[in-house]
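> one predicted model, sequence on top.
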Amino acid sequence: MYRWVFLFWSSLSFFVSQIFIDQTAPLVGRLTGKAEACRNGDDPDCLDLTATEFNSFYVVQYWVGGVAALSSGFFLARYGVWTTSCTSGSLSFLGMLMFTLGPYLAASSSSYALMLVGRLIFALGIFTQVVLSHQIKSHWFLGKELALAFALYNVSSRLGSVCALTAMGAIVQQMGLQRTLWITLAMGVLAPVGAVLAGWTYKRHASASIDAAVYVDTNGIGHFGLRKVAQLGREFWTLSAMVFFFYGPLFTLIADYPKYLAERYQYDEASAGEITGVVSDIAFFAPLLGLLIDKIGWRDVLNSMATALFFTGLLLPATVRNLQPVAIPVLLGLSYAVLLVGLWCSIPLVTAPADTGVAFGVSLGLQALSSGILLLVTGVLLDQTALDIAKRWENFFIFLASIGGMAFLLSGLSLYYDRQNPLRPLRMKHAISFITADANSAVNESSLLLGLQEKDVQ
């Protein structure tokens, strides 16, 4: 029971944090000064950021978050779950507060600097909390409802994204930039509250309810070091590379798609946000997919199908004329719903329980660094004023498709590695990892994964 209490508080924190992250997409017109309310003087609080400066909010967040994720294993090992939860919650709130106060400064450059620092501090908190949550879910739900737990947790962030993308555009039209940011901050208080209560739940109840084979004391989850990272198996590194090449293009598109709709199809802020939110709307089917995966397995095949769909969705805008704008979010949303579950719940099946924190830290760090790099590059592409708007966006989608295609190729490699393993960890139904820390480098040759099926238990 207590694992579900932990999942609730952790998901609540992730949900509110995602609202803060994605609010900038529907606010792009106010932040860049191109919205009609900015041009006619109805909203005097508008800023005048370039496309590169706007994307840098995401770039800094993901780059700093990537470093935080990579080093969170060390922090957890030294200070434990409870202290880490309190620290991450405090950093998240401080970052949100600084970002909200930015538009109050007189100069647009000063506002940009304060908001950028706020995103940086926020990233330190949220990415550490996500790594912590992933590891605890891997321990507490392993062999039970692992895929469902990851689905519900990840869907909570997508729900936050939907709320931001669909509601913030309408709210800012009525309230203006500053009041909209304060509304987001008021909701953001739930992020540190959820993080702290999740850590308290683990501290009080984990030792009595987590299987002894996978429980790690809260005084230190594993140990972080380059040697341990190097020992992680080739299956893990293939999955982490898929994370890198999938999430970078996805988050870049979510951040810039409202701007694409505004410039190419003349959509207003609210309509552009609603269409972009279709990606997250479809992702709400992820819990059903989680139940399905817990019953049938086949993670490797589902991951491959989803990456193929993802590559197609990125390539279509650059190759098909008169394409309906909603088609791209639909295709990306379908692929996202599958990979939210299939990709992340595969990682603990190919790593030792004591190493899942390091493994998730590396994967989340690569996800964040990929998003940061691509947002920076696409910001430069979209600032090429010598090219017409249509050509700029064509280059944008071709670039993202070339990156997303690598995820599809790697999914084929993951299929091959799983077939080489006689126990088929990604293909099996319920699974518990009994890989020892020393066996990570040899996981392909001597995996100790045990599939738990009801007929075997009986």
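Yes, it's here. Keep in mind that what you see is a predicted model, and the values were worked out from it rather than measured.

> measure Tyr58 to Ala51 for me?
Per Cβ to Cβ, to the nearest Å, Tyr58 is found 12 Å from Ala51. Placement of C-beta: from N, CA and C, glycine included.

> where does the protein dip in pLDDT?
Applying pLDDT under 70 to the chain flags residues 77, 208-227, 430-458.

> apply 50 and report the result again.
Applying pLDDT under 50 to the chain picks out residues 217-222, 432-439, 441-458.

> Arg427 in helix, strand or coil?
Secondary structure, DSSP: H, G, I helix; E, B strand; the rest coil: Arg427 is coil.

> count the residues that sit near His205.
Other residues within reach of His205, judged by other Cβ atoms under 10 Å, total 16.

> ok, now which ones touch Leu400?
Neighbouring residues of Leu400 by Cβ atoms under 8 Å, 6 or more residues apart in numbering: Pro249, Thr252, Leu253, Leu314, Leu374, Thr378.

> between the residues you listed, which is closest to Ser271?
Ser271 lies nearest to Leu253 out of the contacts of Leu400, by Cβ to Cβ, at 17.1 Å.

> wait, doesn't the closest one sit right on Leu332?
Yes. Here Leu253 reaches Leu332: they are 6.7 Å apart, a contact under Cβ atoms under 8 Å.

> and for those two, which residues touch both?
Shared contacts of Leu253 and Leu332 (Cβ under 8 Å, 6+ apart): Leu314.

> Three-state assignment for Gln384, please.
Judged by three-state DSSP, the three-state class of Gln384 is coil.

> pretty sure it sits against Glu394.
No. Contact status for Gln384 versus Glu394: not in contact, 11.4 Å apart, counting by Cβ under 8 Å.

> these two: who's more crowded?
Neighbour count, other Cβ under 10 Å: between Gln384 and Glu394, Glu394 has more, with 16 against 13.

> for the helix or strand harbouring the more buried one, buried residues please.
Assigned by DSSP states H and E, Glu394 belongs to helix 389-420. By neighbour count on 16 or more other Cβ atoms under 10 Å, the buried set for helix 389-420 is 392-397, 399-401, 403-408, 410-411, 413-415, 417-418.

> so how many other residues sit close to Thr319?
For Thr319, the count of nearby residues is 11 (other Cβ under 10 Å).

> what distance do you get for it to Arg204?
Separation of Thr319 from Arg204 (Cβ to Cβ) stands at 55 Å.

> again with Cys86
From Cys86 across to Arg204, the span is 14 Å (Cβ to Cβ).

> which residues touch the closest residue to Leu343 other than its chain neighbours?
Nearest residue to Leu343 in three dimensions, chain neighbours excluded: Asn303, at 5.7 Å (Cβ to Cβ, 6 or more residues apart in numbering). By Cβ under 8 Å, 6+ apart, the contact set of Asn303 is Met242, Val338, Leu339, Gly342, Leu343, Ser346, Ser411, Ser414, Leu426.

> relative to Gly33, which of those is nearest.
Leu339 (35.9 Å).

> and the helix or strand where that closest one lies, which residues are buried?
Leu339 belongs to helix 327-342 when elements are defined using DSSP H and E. Buried residues in helix 327-342, counting neighbours by 16+ other Cβ under 10 Å, are found at 328-342.

> my guess is Phe236 contacts Thr356, does it?
No. Using Cβ under 8 Å, Phe236 is not in contact with Thr356; the gap is 10.1 Å.
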